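> the following comprises the amino acid sequence and a computationally predicted model.
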Amino acid sequence: MTLQFHSSPPALSRHGESALGGALLGQQLPVSPPGWPLQAICAPLLGADTVVVQETWRRTTPPLQGVSEGVTWRRSGDTLFGVINLDEAEFAAAADRSPLQAASEEAYDRIFRLLDAQKLPHLWRVWNYMADINAETHGLERYRQFNVGRQDAFLAYHRGTRGNVPAACAIGLAGGPLSIAFLAGATPAVPFENPRQVSAYNYPAEYGPRAPTFSRAALVYPPGQERLFVSGTASIVGYLTVHPGDVAGQCGEAMANVAAVVAEVNRAARSRPFTLDELVYRVYVRRAADFPVIRDTLVPLVGGADVLYVQADICRADLLLEIEAMASHPLGTD
Ligand code: 3EB
């Protein structure tokens, strides 16, 4: 598995031959070849080509692949990448459960059943996208509905909901299905928290009836690699949003959080320390007009790093951006 970055225009059939899976971002997305788990993230790109494949998870052995309960997946050795898209319209609202909550729980239930069947219990990294993430329906913001459904699935499948939880992001798009991509393996991910922030799974109830189920970062160990995932990271200190309305302030604070969690990771990294200029970043920008300020704030902090800017909504209405990142180091097998 290696990381391929910013291939454009994407030649999907060529990628598909050697890929475990990937993510395709942009507004007019081509149809992906069948059997290839490719998460389509339909959103405007800022300052980049109209469509990119940001990451292709390469496989080293012929893939096992399938579609299980709507989860499209490929597996190479003990690493599995999958994507599930669910249309909320197919989920009836109940008095105590919105369609998004029901769809979120169902999506994670199906993912956990697949991982149980594949005997790959460890969820490493999850990418969650949903429409209208800040809209309030059924008396609750939709992101919070998602958090209830997600946590119920973790509980139903006897997975911990604090501490040992995957790295993740949860992002709002203009429309489309609930879309969840994930990477899983046979070895546990090593989770990390940020000393500047309250763990998301310990957020107080004012942020929703159920806390979000994710860790701030994770180290995972596919064969011959030490791979770092930094979860979606925003301008939150403790559990409070800081610099409301100040996009440059939020950008600096979010990067301070990325730096703090990477410093935590580096206390445990087995390969060598991860540096901020070697990470591959995806930055979600709520208002397209803020892109130049965000880019000008970020570039001095990340040096020559690869950064993809995507217009999307963040899971708190007062957050103007969110930054996620990843990197991979070779690791001798000892
Ligand atoms: C935060 O720190 C910002 O619900 O999976 C970041 C990463 C955020 C992941 C998730 C949410 C999630 O709370 C939001």
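Thanks, I have the structure now. Residues are numbered from 1 along each chain as shown.
> and for the residue in the stretch 201-334 of the chain that the ligand sits nearest to, nearest residue in space, chain neighbours not counted?
Per Cβ to the nearest ligand atom, Gly232 is where the stretch 201-334 of the chain lies closest to the ligand, at 3.2 Å. Placement of C-beta: from N, CA and C, glycine included. Spatially, and ignoring its direct neighbours in sequence, Gly232 is nearest to Cys169 (3.4 Å; Cβ to Cβ, 6 or more residues apart in numbering).
> separation between that neighbour and Tyr129?
Plainly put, Cys169 is 8 Å away from Tyr129 if you go by Cβ to Cβ, to the nearest Å.
> and Tyr239, by the same measure?
In this view, Tyr239 and Tyr129 are 23 Å apart by Cβ to Cβ.
> likewise Phe91?
For Phe91, the distance to Tyr129 equals 17 Å [Cβ to Cβ].
> same deal with Trp57?
Going from Trp57 to Tyr129 by Cβ to Cβ gives 18 Å.
> the two: which has the busier surroundings?
The neighbour count for Trp57 versus Tyr129, taken as other Cβ atoms under 10 Å, is higher for Tyr129 (25 against 21).
> enumerate the residues of the stretch 101-250 of the chain near the ligand.
128, 168-170, 200, 212, 214, 231-232, 234, 236 (Cβ under 6 Å from any ligand atom).
> so Leu319 sits against Val242, correct?
No - contact criterion Cβ atoms under 8 Å: Leu319 and Val242 do not qualify, at 10.1 Å.
> picking up where we left off before, in a strand, the residue of the stretch 201-334 of the chain closest to the ligand, correct?
Yes - assessed with DSSP: H, G, I helix; E, B strand; the rest coil, Gly232 lies in a strand.
> what is the neighbour count of it?
Neighbours around Gly232, by other Cβ under 10 Å: 25.
> so where is this protein shaky, pLDDT-wise?
Scanning the chain with the threshold set as pLDDT under 70 gives 1-17, 54-56, 333-334.
> let's see it at 50
Within the chain, the stretches with pLDDT under 50 are 1-10.
> show me the helices in it, by range?
Here the chain has its helices, by DSSP state H, at 12-18, 99-118, 142-156, 247-266, 291-302.
> list the residues that contact the closest residue in space to Leu276 that isn't next to it in sequence.
Closest residue in space to Leu276, ignoring its immediate chain neighbours: Val302 at 5.5 Å, by Cβ to Cβ, 6+ apart. Each residue near Val302 by Cβ atoms under 8 Å, 6 or more residues apart in numbering is listed here: 255, 276-277, 279, 281.
> swap the cut-off to 7 Å and go again
276-277, 281 (Cβ atoms under 7 Å, 6 or more residues apart in numbering).
> list the contacts of the residue most central in space within the chain.
Nearest to the mean C-alpha position of the chain, by Cα atoms, centre = their mean, lies Trp127 at 2.9 Å. Trp127 sits next to 39, 169, 180-181 when contact means Cβ under 7 Å, 6+ apart.
> point me to the residue of the stretch 1-150 of the chain nearest the ligand.
Using Cβ to the nearest ligand atom, the closest approach of the stretch 1-150 of the chain to the ligand is made by Asn128 at 5.7 Å.
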